[in-house]
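[1] Kindly return the folded structure for what I paste below:
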Amino acid sequence: MHEIAVHTGGEPVLEAFLAERIYEYNAAATGYRDGETFTATHRSDAGEVEAGVSGYTWGGCCYVAYLWVAEALRGRGVGGALLDAVEQYAREKRCRLVLLSTHTFQAPTFYAHRGYEPVARIDDHPPGHASLFFVKRLDAR
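    Residues are numbered from 1 along each chain as shown. This next block holds a predicted model:
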């Protein structure tokens, strides 16, 4: 029997290795070899990150992994500007849709107002809340 131990904390080298292996498998299985990661930021005059987004494109799809805006800037259009930039980038990469997830206590209303449609809900993640998955189909602009 193999001994396997779970460790806490991040291990970026291992995570990058696993992501590469999964990408290799997925590319071989689908024929899509166009995967790219992306980031975009809004910075203060001093160069500090006040908002940002990251994710990837692959196979005609765009996935937003993280989108964060500092509390002082929320409601001022910064999040919308980040999402606009991602959607424009996705169109340039010929993506047909953008996928993302959020929790019920985060920003589901924000995404719904921006044209994202809920497609899945996982209750009790964490207990008393839910994870929501959204999609927005992009036009051919």
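[2] what residues does the biggest helix by length in the chain touch?
    Ranked by residue count and defined by DSSP state H, the top helix of the chain is helix 12-30. Identification of contacts with helix 12-30 by C-beta atoms under 8 Å, 6 or more residues apart in numbering yields 32-33, 35, 58-59. C-beta: built from backbone N, CA, C; applies to glycine.
[3] count of residues packed around residue 74?
    Counted by other C-beta atoms under 10 Å, the residues lying close to residue 74 total 14.
[4] Give me the distance between it and residue 67.
    The gap separating residue 74 from residue 67 is 12 Å, by C-beta to C-beta, to the nearest Å.
[5] likewise residue 117?
    Distance from residue 117 to residue 67, by C-beta to C-beta: 17 Å.
[6] which of these two has more neighbours?
    Between residue 117 and residue 67, residue 67 has the larger neighbour count (other C-beta under 10 Å), namely 21 against 11.
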